[in-house]
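Visitor: Predicted structure and sequence below. I'll ask about it afterward.
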Amino acid sequence: MLHLCGHFVFNFHIFANKTDTQENCYWMLFLTSIGKCMSNPLILMTGIDRFIACKSPVIYRTLLERPNLYICGQLVFPVTYTTVIMISGFIQRDPTTQIVCTVPVALAGTAFSTFNTSGIFVNCAIVIVYFLTFLKLRSYAGATQMKVVFRSILWTVVFVILGWTSVTVANQFAIFSNDPLTRKLIAIYAGIGVNLACASNVFVFYAINTEYREAIRRLFGLSRLPPSNRTSVGHKSSTKINVVIATT
């Protein structure tokens, strides 16, 4: 969500044909850059959480006995990773260069290249962790509900990984271009994959998970609660009345 907020700044500069300094762009897209840096590490830690739950359920239940400490431990890597890149981008701000403020150029110098290069390794780690979790979950015969939930998460992760991989690969090739217009166009079209991945979550969960499907349909007024509860209550009350009449 933080990443998508950057589209307001991006669209204004593109359609109004405006430029601004790289330093101002860093501050305008500060929250967007945080979301961009933190998203994939959070997906990785979610995969590790699922892997621990499948591999060692006893250890996982022990960890959940102290949820605050466990969540803090899960956030150590995403927060540290994001902090390092954002500090690097802060140090390398450029107050003189005029640019079209897009999400990739909010981080200047080595901060942007570090984000791209490290993002490839994070994506590879995500694929490995989720693949191992899938193999472990596949060996369980009775974990039907858990498999359904994991399948929803898995397809969401697949879309996100494909989106971010297309961005990182395109940005790596954009570095070798000397034409500013070419780099700008690559940055614009490279973000299509990420935006599709962000928009795909609700459709993936709607198509795969029946519980999410019912919740989404009720949210839009397309489904109502089943009337079975009202019928059963009426039956119980009428039975009780009959018993009272027979007794009197």
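Guide: That came in fine, so what should we check first? Remember, predicted model here, so these are calculated numbers, not experimental data. Residues are numbered from 1 along each chain as shown.

Visitor: Can you show me the helices along the chain?
Guide: 6-15, 22-28, 30-55, 57-64, 67-91, 110-138, 144-174, 180-208, 210-219, 228-247 (DSSP state H).

Visitor: ok, the residue nearest the centre of the chain to N178 distance?
Guide: By C-alpha atoms, centre = their mean, the chain has its centre lying nearest to S39, at 5.5 Å. As for S39, its distance to N178 is 30 Å (criterion: C-beta to C-beta, to the nearest Å). Where you see a C-beta, it was placed from the backbone N, CA and C, and this is true even at glycine.

Visitor: Return the residues in contact with K55.
Guide: For K55, the contact set (C-beta atoms under 8 Å, 6 or more residues apart in numbering) comprises K136.

Visitor: Sorry, wrong one. I was asking about A174.
Guide: A174 sits next to 104, 182-183, 186-187, 190 when contact means C-beta under 8 Å, 6+ apart.

Visitor: Those: which two are farthest apart?
Guide: P104 and T182 (13.2 Å; C-beta to C-beta).

Visitor: hey, least reliable of the helices of the chain by pLDDT?
Guide: Per-segment mean pLDDT for the helices of the chain reaches its minimum on helix 228-247, at a mean of 42.

Visitor: okay if I get the helices of the chain as CSV plus distance to Q98?
Guide: Below are those laid out as CSV (distance: least, C-beta to C-beta, whole Å):
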stretch, distance to Q98
helix 6-15, 11
helix 22-28, 8
helix 30-55, 19
helix 57-64, 50
helix 67-91, 18
helix 110-138, 17
helix 144-174, 18
helix 180-208, 10
helix 210-219, 44
helix 228-247, 64
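
Visitor: Could you point out which of these sits nearest T97?
Guide: Closest to T97 of those is helix 22-28 (C-beta to C-beta; 5.0 Å).

Visitor: buried set for that closest one?
Guide: For helix 22-28, a neighbour-count test (16 or more other C-beta atoms under 10 Å) marks 22-26, 28 as buried.

Visitor: coming back round to it: for P104 and T182, work out which one has more neighbours and name it.
Guide: P104 (23 against 12; other C-beta atoms under 10 Å).

Visitor: and the more buried one, what does it touch?
Guide: 112, 171, 174, 187, 190.
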